[in-house]
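Asks: below are the sequence and a predicted model for it; my questions follow.
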Amino acid sequence: MHNTEIERKFLVRSDAFIKEATEQFSILQGYLCKDPNKTIRVRVRDTRAFLTIKSSTLREGLAKFEWEREIGLQDAQELMKLCLPGAISKTRYIIPAPSYQGAKRCWEVDVFHGRLEGRVLAEIELGDEHEPFLHPDWIGEEVTGLPQYYNANM
């Protein structure tokens with residue numbers, strides 16, 4: 001399905017992921033809408049900005065609808081002023097994951113700052129809900145589908 005995101009989310013048990021990271025960047029994100037079935041997010045990642053709409057799909061499972069477009073940095077800064085209270089600040093680390101049948105995957109580990117200091121979450125985007133993947137030693141308990149770990153609810 002076009003514009004579909006399938007991701008699994010985990011707690012992180014150590015900072016060993018940092019030495020494996022190939023990229024890192026700062027993220028500030030706010031929400032224009034945080035309905036239980038859909039969110040509209042504004043994100044500034046270093047010097048680039050994005051508007052994202054996420055929604056549950058009509059079928060069961062992990063797949064979610066995701067529409068994301070890059071927008072101008074100045075537009076994003078103006079939109080951030082309209083966002084609901086509780087913007088999120090975090091550093092994202094990108095860690096290559098071992099490939100499965102040639103598919104390139106990576107772990108995204110978010111280290112939260114400010115009011116969420118101490119929270120560290122990892123996610124991996126998959127091509128299929130049942131796609132196997134290796135769990136690095138620093139990966140902890142799976143929290144996929146638990147609303148308290150959705151960024152929009154933090």
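Replies: Structure's in. What do you need? Residues are numbered from 1 along each chain as shown.

Asks: can you show me the helices along the protein?
Replies: In the chain, the helices defined using DSSP state H lie at 73-80.

Asks: helices and strands of it: which one bottoms out on pLDDT?
Replies: Using mean pLDDT, DSSP states H and E, the weakest-scoring helix or strand in the chain turns out to be strand 4-5, at a mean of 80.

Asks: most remote residue from this structure's center?
Replies: In the chain, the residue that sits farthest from the middle, by CA atoms, centre = their mean, is Gln101; the gap is 23.8 Å.

Asks: what residues are up against Pro96?
Replies: Counting by CB atoms under 8 Å, 6 or more residues apart in numbering, Pro96 makes contact with Glu20, Thr22, Lys104, Arg105, Cys106, Trp107. For the C-beta atoms, the positions are set from N, CA and C on the backbone; glycine is no exception.

Asks: out of those residues, which is nearest to Glu68?
Replies: Cys106 (16.7 Å; CB to CB).

Asks: gap between the closest one and Pro85?
Replies: Distance, Cys106 to Pro85, by CB to CB, to the nearest Å: 32 Å.

Asks: looking at these two, which one has more neighbours?
Replies: Between Cys106 and Pro85, counting by other CB atoms under 10 Å, Cys106 is the more crowded of the two (16 against 6).

Asks: returning to that earlier point: filter the contacts of Pro96 to the buried ones?
Replies: If you count burial by 16 or more other CB atoms under 10 Å, the buried members of these come out as Arg105, Cys106, Trp107.

Asks: that older thread, just the ones in strands from the contacts of Pro96, please.
Replies: Of those, the ones assigned to strands by DSSP state E are Lys104, Arg105, Cys106, Trp107.

Asks: got those as CSV, with pLDDT and distance to Phe50 columns?
Replies: As requested, the ones in strands among the contacts of Pro96 are exported to CSV (pLDDT from 0 to 100; distance: CB to CB, whole Å):
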residue, pLDDT, distance to Phe50
Lys104, 85, 21
Arg105, 92, 21
Cys106, 95, 18
Trp107, 97, 20
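
Asks: and the strands in this structure?
Replies: Taking DSSP E, the strands of the chain run over residues 4-5, 7-12, 23-35, 38-45, 48-56, 64-71, 88-100, 103-112, 120-125, 139-142.

Asks: distance to Ile40 added to the contacts of Pro96, as a markdown table?
Replies: Output for those, formatted as a markdown table (distance: CB to CB, whole Å):
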| residue | distance to Ile40 |
| --- | --- |
| Glu20 | 33 |
| Thr22 | 30 |
| Lys104 | 29 |
| Arg105 | 27 |
| Cys106 | 25 |
| Trp107 | 26 |
